[in-house]
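Colleague: here is a sequence together with a model predicted from it:
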Amino acid sequence: MASVSVQASFQLSNGEVIDMKTTMTEGTETELLTSTAYAVSAVSLGTFAEGKRLATILQAPSAPNMTSYAYIDRRGEILCVLPVAVAGVQWQPCPMPFGFTLQAGDTLRVMASTAASRLFSWSCITRANVHSIFTGTPSGSGNTDLVHLKSGQGLGASLTNQSIASQWATSVDGSKIDSSGGLYVLNDRGLPQGACCATNPTNEQPKANSMGLSPIGLNFVARVTTNA
C-alpha cells in the first residue's frame, strides 16, 4: 500500500479556517491532523478548535486515489459522518451534515483507499441524528451484507426502529453492482425496503441525498449484490 497525502479544510462559525494534512497508508483508517503549514504542530481537530463550531466544509477529506469514508470520532463513537472526495474532483457547496461544538479529544478519521479497492462504504444519518457508517468488500459474484464500522453488527441490530434521513455511498465497482447500482435495504422478509446508489469518488464527489430512504427493523440488512 502506498503512502499518500490526505487533506481537508473547514471554516469555523467565527470565520477561522482549519487546514488539515496528513500522510496516510492506503487501506488503513488514520487520523487526519492539522497541517504544520499554518500551525506550530500537527494536532487533532478537537485540540486545535476546542469549544468552536464547524460551519462549512471548504475541502472534504480528500486523497489522491480513493477516499472511502470519513467521520468525526468522539470517545470512540461516530459523532458526524462527513462527505469525501478525491483530490481535484470536488463540488461546492459542501455543507456540514449538522452543527456541533468541538470538544478536546474529537478526532477526524479518514479511510484513504487504493484506486482498485472494492471497499463499499455507506454513510447514513437517521431522523434521530444518529450517524453511522456501514462497510463491506465484495470479492466476486454474490451478496455482501454491510456491517457497522464500529460494532461490526448488521443494519437491523445497529439502527432498530430508526429511519434513514440522509445517505450516500462510495464504491468503484460500477457496473459490477446489480443491487440498484449500490445497496438495497432488505426487510425481514428479504424484500427491498430502501436503496442507495453508490458513487465512485474518482469520477464525481458523493453527495448527501434523501432518495430511497427507509425505516429500519430488527432483522433488516444492507446488502450489495455484485455480478463479478
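Modeller: Everything's here; your move.

Colleague: what residue spans form the domains of this structure?
Modeller: Recorded structural domains for the chain (assignment: automatic domain parsing) are 3-112, 120-226.

Colleague: tell me the pLDDT at L45?
Modeller: On pLDDT, L45 comes in at 97.

Colleague: surely it meets R109?
Modeller: No: shown here, L45 and R109 do not form a contact pair, counting by CB atoms under 8 Å, at 9.9 Å. Every residue, glycine included, has its C-beta placed from N, CA and C.

Colleague: quick check: neighbours shared by the two?
Modeller: Counting by CB atoms under 8 Å, 6 or more residues apart in numbering, the contacts common to L45 and R109 are L32, I72.

Colleague: who's more crowded, those two?
Modeller: Neighbour totals were compared for L45 and R109, and L45 leads with 24 against 19 (other CB atoms under 10 Å).

Colleague: now the more buried one: how far from M20?
Modeller: Per CB to CB, to the nearest Å, L45 is found 7 Å from M20.

Colleague: quick check: the residue in the chain sticking out farthest from the centre vs Q90, distance?
Modeller: Centroid-distance maximum for the chain: V40 at 28.9 Å, with CA atoms, centre = their mean. Going from V40 to Q90 by CB to CB gives 28 Å.

Colleague: next, the contact list for L108, please.
Modeller: L108 touches A8, M20, E31, L32, S44, L45, P61, A70, Y71, I72, D73, L82, counting by CB under 8 Å, 6+ apart.

Colleague: in what helix or strand does the residue nearest to the spatial centre of the chain lie?
Modeller: Centroid-nearest residue in the chain: Y69, 3.2 Å away (criterion: CA atoms, centre = their mean). Assessed by DSSP states H and E, Y69 sits inside strand 67-74.

Colleague: which strands and helices lie in contact with that strand?
Modeller: Here strand 67-74 touches strand 54-63, strand 77-82, strand 107-112, strand 120-126, strand 131-136, strand 164-170, going by 3 or more CB pairs under 8 Å, 6 or more residues apart in numbering; DSSP states H and E.

Colleague: any chance of those in TSV, with distance to D178 too?
Modeller: Converted to TSV, those look like this (distance: least, CB to CB, whole Å):
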stretch	distance to D178
strand 54-63	28
strand 77-82	26
strand 107-112	24
strand 120-126	13
strand 131-136	15
strand 164-170	15
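
Colleague: tabulate those (CSV), appending distance to N14 and mean pLDDT.
Modeller: Formatted as CSV, those follow (distance: least, CB to CB, whole Å; pLDDT from 0 to 100):
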stretch, distance to N14, mean pLDDT
strand 54-63, 9, 95
strand 77-82, 19, 97
strand 107-112, 19, 98
strand 120-126, 25, 98
strand 131-136, 24, 98
strand 164-170, 26, 97
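
Colleague: mind checking which of those strands is nearest V147?
Modeller: Closest to V147 of the helices and strands packed on strand 67-74, according to CB to CB: strand 131-136, at 6.2 Å.

Colleague: moving C-terminal of that closest one, what's the next helix or strand?
Modeller: By DSSP H and E, the next helix or strand past strand 131-136 is strand 142-145.

Colleague: re earlier: which residues are common contacts for L45 and M20?
Modeller: Joint contacts of L45 and M20 (CB under 8 Å, 6+ apart) are L32, L33, T34, L108.
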